[in-house]
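*Asks:* following is a predicted model, sequence given first.
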Amino acid sequence: MDIRKLHLSDLDMLEMLEEACQPYPWSRENLAEELSRSQEESFSLLGVNSENMGVSYVIAREVVGELWILQVGTDPDYRRQGYSKQILLQVFEEASKQGVKQAVLEVRVRNHGAIALYESLSFQQDGYRPKYYPSLVEGGPKEDAVLMSKLLV
C-alpha cells in the first residue's frame with residue numbers, strides 16, 4: 001500500500017470509501033471541507049493499492065496544538081491487514097515533526113476492534129461522552145463514546 005496526502009481531487013474516491021466504511025458517513029460537503037484545509041493544518045492521508053484505488057484513510061487535523069483524529073476507515077475487503085495502523089503511524093510522525101504534542105479521538109464504546117487498534121498505538125482511555133453516537137439499530141439507544149489520547153513526543 002502506498003500512503004499519500006489526501007487532496008480535494010480525491011473527493012470522489014474518499015466519498016465512496018467513507019460510505020463503505022462508516023455507519024453514518026460524512027456528507028460530501030463535510031469531506032470537501034476537510035480536504036480544503038491548509039497543508040499546515042491537515043494531516044489527512046490515503047492508502048492506495050497497486051491499482052491506485054483507495055483502501056484506507058485517516059482524516060486528521062491540528063487544532064490548538066492537538067492532533068484531532070476525526071475519521072479512520074478501511075474498505076471492508078481490506079480490513080484486519082494493518083492498513084489503518086500504517087496510516088496512523090505516518091500521521092503521528094508528520095504531526096510530531098510539526099510540533100504537535102498529543103493526539104485525541106472519540107470512538108464508539110462497542111467498537112472493540114478500533115479500541116484495540118488505538119490501545120496498540122499507546123492511546124489511553126480518558127473518559128466517556130454519554131449518548132454521543134446515534135444508534136446502529138433503528139430506534140435503539142444512543143451509544144457512548146470513549147475519549148482517548150496519546151502523547152506524540
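*Replies:* Okay, I see it. Numbers count the residues shown, from 1 in each chain.
*Asks:* just checking, what packs against the host helix or strand of V58?
*Replies:* Assigned by DSSP states H and E, V58 belongs to strand 54-63. Secondary-structure packing of strand 54-63 (3 or more Cβ pairs under 8 Å, 6 or more residues apart in numbering; DSSP states H and E): helix 11-21, helix 28-35, strand 45-48, strand 66-74, helix 83-97. (C-beta placed from N, C-alpha, C; glycine too.)
*Asks:* can I get the ones you listed in JSON lines with mean pLDDT and distance to L105?
*Replies:* Listed next are the helices and strands packed on strand 54-63 as JSON lines, based on pLDDT from 0 to 100; distance: least, Cβ to Cβ, whole Å:
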{"stretch": "helix 11-21", "mean pLDDT": "96", "distance to L105": "15"}
{"stretch": "helix 28-35", "mean pLDDT": "96", "distance to L105": "15"}
{"stretch": "strand 45-48", "mean pLDDT": "95", "distance to L105": "15"}
{"stretch": "strand 66-74", "mean pLDDT": "97", "distance to L105": "4"}
{"stretch": "helix 83-97", "mean pLDDT": "97", "distance to L105": "10"}
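*Asks:* out of those, which is closest to V109?
*Replies:* V109 lies closest to strand 66-74 among the helices and strands packed on strand 54-63, at 16.1 Å (Cβ to Cβ).
*Asks:* adjacent strands (with direction) for that closest one?
*Replies:* Strand 66-74 has its sheet partners listed here by DSSP bridges as strand 54-63 (antiparallel), strand 102-108 (parallel).
*Asks:* turn the ones you listed into CSV, columns for distance to K142, mean pLDDT and mean neighbour count.
*Replies:* Shown next, in CSV, are those (distance: least, Cβ to Cβ, whole Å; pLDDT from 0 to 100; neighbours: other Cβ atoms under 10 Å):
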stretch, distance to K142, mean pLDDT, mean neighbour count
strand 54-63, 23, 96, 23
strand 102-108, 10, 97, 19
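*Asks:* TSV for the ones you listed, including distance to Q86?
*Replies:* Shown next, in TSV, are the strands paired with strand 66-74 (distance: least, Cβ to Cβ, whole Å):
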stretch	distance to Q86
strand 54-63	8
strand 102-108	16
